Each structure stands twice: as C-alpha cells, then as structure tokens.
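Chemist: Prediction below, plus the sequence it came from.
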Amino acid sequence: MRSSPRITVLDGGMGRELMRIGAPFRQPEWSALALLEGPDWVVQAHTNFIDAGAEVITTNSYAIVPFHLGDERFAARGLELAELSGRLARQAADAAPSPVQVAGGLPPLFGSYRPDLFDAAAAGPIIDPLVEGLAPHVDLWLGETLGAIAEARTVRDAIDRAGVGDRPLWISFTLDDHHPGTLRSGEPIDDAVAAALDLGAAAVLFNCCQAETITPAIRTAADRAVGTGAEVGGYANRFLSSHTDGGEANAQIASFRDDLDPSSYSEFVDEWLTAGATIVGGCCGMQPEHIARLVQLVAGR
C-alpha cells in the first residue's frame, strides 16, 4: 500500500500575534517594533505557535526593511535586527519539546503587494544584510509574500551571493485576489511555479491572499511539480477582501473576516491537502488556535 505524504504544519501570522498578546506594535515599524523594544515578546509569539503544534516557525524579519524602519535606521541596524530575529526564533525552537525548524523569512523589499515598486538595482543592499544576519540560525530559507517572479530571483541570488544555499529554499508567492490565476504582478501562476522550480525551490507556496484564491493555485502548482520532488502548499491571510483594494498589506491595521475561524479555515486547508499540498499554515491574522486546528486535521487524515 502506498503511504500518504508527510504534511508539515507552519506557524501563523507573527505581526498580529504580537499585537494580540500585547507586544509593542504600531506603524510604521509593524512587527519589527518588538525587536527594538521587547524581544521577549517575539519569543513568546513563536512559542505560542509551537505550543499549538507548528513544526516550522518563520523568523520575525518581515518588517526589517526600509519600508517599515526607514532608510537611515535600516542602514544602521538592519543587520543587527536580522541576526536578532534569527536568534530569537532559534531560541524558541530549541526550547520546544519536539523538533521545530526555523525558516529564515525574506520579505518583499519595497512594500507588500507592490511588485510595481521592485527595483533590482536597489535590492541587494536590502536583502543581503537579512541573509547575513539570519544565516547562522535558520534551517531553511523562505522567500514569502513575493508578488513577482523577479522578487523570487532576487531571493535566490542573495542566498547564492552569501554562499548559504546549502539549506532548502521555499518560495511563496502572493496572488491577486481580484484576477484569479495570477500573481499581483499579473504574471500567470503557472509561469511563477515554473520559475520557482528553475530556481531550485524545494517547495512552492502561496500566502498572504484569500484562502479561496489559493485553492486553484494549489492544483496548478501540484500538477506542475509532479516528478520534480518539490512540495506545494499555502497559508492564507484573514484580511477582508476589500483590504487589498487600498494598496500595501501592513500599510494599515486591517480588519479581519468573521468567517475564517479555525474550523472554517481548516475546511479550505483540507481541500488543499486533497489537491496535493504537503505544507500548510496561516498568514496575517491566523492565530495559534487556527494552527492547532490544522494539526488536528492533519492527524485525522
């Protein structure tokens, strides 16, 4: 009898978990504020997801970019904060009762949901300190919320420049909720998956968009990845669909959907697993309770 593939459960949304538990949290610093003013809160947020059953936690490095910190503070402290985010995630993972991997989170460099602002010439000085700071602490690399194929290439190039490509690379694209079948750049999902595989991605994921948008993307990616050895997965946000009409994610404290409680979200994820996903979790607004429910779902399959 053929065995079922192993399913990996990720954590949920770090920024909103920090906000929920009372950590320092405001704009423009977003989740980076806790690194600056209360690192222990970051460890607590990671631990909350680990206690819920997450097997992979992502470093709190999403907001360590000039968009959130400002050019001057990023230049002065970006490397330091990246190293701190990696060290705090490793601390939480090492204290876990069972093995937990740390994903080095590499975000969009010029603002979420804004692939039109991507500047290849300016990317290196932003992403290189992130890779350097995270490298001593992470088990894998996660380029996440990438809105264009060029952003994925930038992640690969940075890892190669630093000589730290000995760890798996996961590429996670964010999708256009209003134009099914495309990234936020307008590029087709099929092209994006093919590009990620060409870049040597061990997993192709979709995140920070509606659960409904991710479902058909999982099917597309699973079909494209057949025979490559690459895994497929997703982790949706809980934003109201209208949130994306106003521009960048995290440019405001957005409202959440009322219909994505842990049980209803797990129904979407169950569809993804049936379609071939083997890596699932949650993005913005998905709390430890959501992750705990996914752990139950996986255990019951």
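Modeler: Structure's in. What do you need?

Chemist: gap between the two ends of stretch 166-181?
Modeler: 32 Å (C-alpha to C-alpha, to the nearest Å).

Chemist: Ignore what I typed, I meant stretch 30-46.
Modeler: Stretch 30-46: ends 16 Å apart by C-alpha to C-alpha.

Chemist: which residues in this protein form strands?
Modeler: 8-9, 56-58, 101-106, 140-146, 169-173, 203-207, 231-236, 279-282 (DSSP state E).

Chemist: Averaged pLDDT, the first one. What do you get?
Modeler: For strand 8-9, mean pLDDT is 98.

Chemist: likewise the fourth one?
Modeler: Per-residue pLDDT values across strand 140-146 average out to 99.

Chemist: same thing with the fifth one?
Modeler: In this model, strand 169-173 carries a mean pLDDT of 99.

Chemist: Tell me the gap between that strand and the middle of its chain.
Modeler: Distance of strand 169-173 from the chain centroid (C-alpha atoms, centre = their mean, to the nearest Å) equals 8 Å.

Chemist: got it, and the shortest one?
Modeler: In terms of C-alpha atoms, centre = their mean, the gap separating the centre of strand 8-9 from the centre of its chain is 13 Å.

Chemist: That one pairs with which strands, and in what direction?
Modeler: strand 279-282 (parallel) (DSSP bridges).

Chemist: CA atoms only: put the strand it pairs with into CSV for me.
Modeler: Extracted as CSV, the C-alpha positions of strand 279-282 are listed here (Å, rounded to 0.1, in the frame of the first residue of the first chain):
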residue,chain,number,x,y,z
ILE,A,279,2.9,22.3,3.6
VAL,A,280,0.1,24.3,5.3
GLY,A,281,-0.2,27.1,7.9
GLY,A,282,-1.5,30.6,8.3
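
Chemist: Excluding its own residues, what touches it? List them.
Modeler: Strand 279-282 is touched from outside by 7-13, 54, 56, 170, 203, 205, 231-238, 265, 269, 272-273, 290-291, 294, 298, with contacts defined as C-beta atoms under 8 Å, 6 or more residues apart in numbering. Yep, even glycine has a C-beta here, placed from its N, CA and C like the rest.

Chemist: give me that answer again for 6 Å
Modeler: Outside strand 279-282, the residues that touch it by C-beta atoms under 6 Å, 6 or more residues apart in numbering are Thr8, Leu10, Asp11, Gly12, Ala203, Glu231, Gly233, Tyr235, Val269, His290, Leu294.

Chemist: same check, this time on stretch 226-243
Modeler: The contact list for stretch 226-243 (C-beta under 6 Å, 6+ apart) reads 10, 177, 197, 202-208, 211, 214, 218, 221-222, 225, 254-257, 260, 272, 276-286.

Chemist: can you pull the contacts of the closest residue to Gly124 other than its chain neighbours?
Modeler: Closest residue to Gly124 apart from its sequence neighbours, by C-beta to C-beta, 6 or more residues apart in numbering: Ala158 at 7.1 Å. Ala158 makes contacts with Ile127, Asp128, Val131, as judged by C-beta under 6 Å, 6+ apart.

Chemist: wait, which of these is closest to Asp94?
Modeler: Using C-beta to C-beta, Val131 is the member of those that lies nearest Asp94, at 21.3 Å.

Chemist: circling back to that earlier point, may I see the strands of the chain arranged in JSON lines, with distance to Ala192 and mean neighbour count as well?
Modeler: Converted to JSON lines, the strands of the chain look like this (distance: least, C-beta to C-beta, whole Å; neighbours: other C-beta atoms under 10 Å):
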{"stretch": "strand 8-9", "distance to Ala192": "21", "mean neighbour count": "21"}
{"stretch": "strand 56-58", "distance to Ala192": "20", "mean neighbour count": "27"}
{"stretch": "strand 101-106", "distance to Ala192": "16", "mean neighbour count": "26"}
{"stretch": "strand 140-146", "distance to Ala192": "9", "mean neighbour count": "26"}
{"stretch": "strand 169-173", "distance to Ala192": "5", "mean neighbour count": "28"}
{"stretch": "strand 203-207", "distance to Ala192": "8", "mean neighbour count": "28"}
{"stretch": "strand 231-236", "distance to Ala192": "12", "mean neighbour count": "28"}
{"stretch": "strand 279-282", "distance to Ala192": "17", "mean neighbour count": "28"}
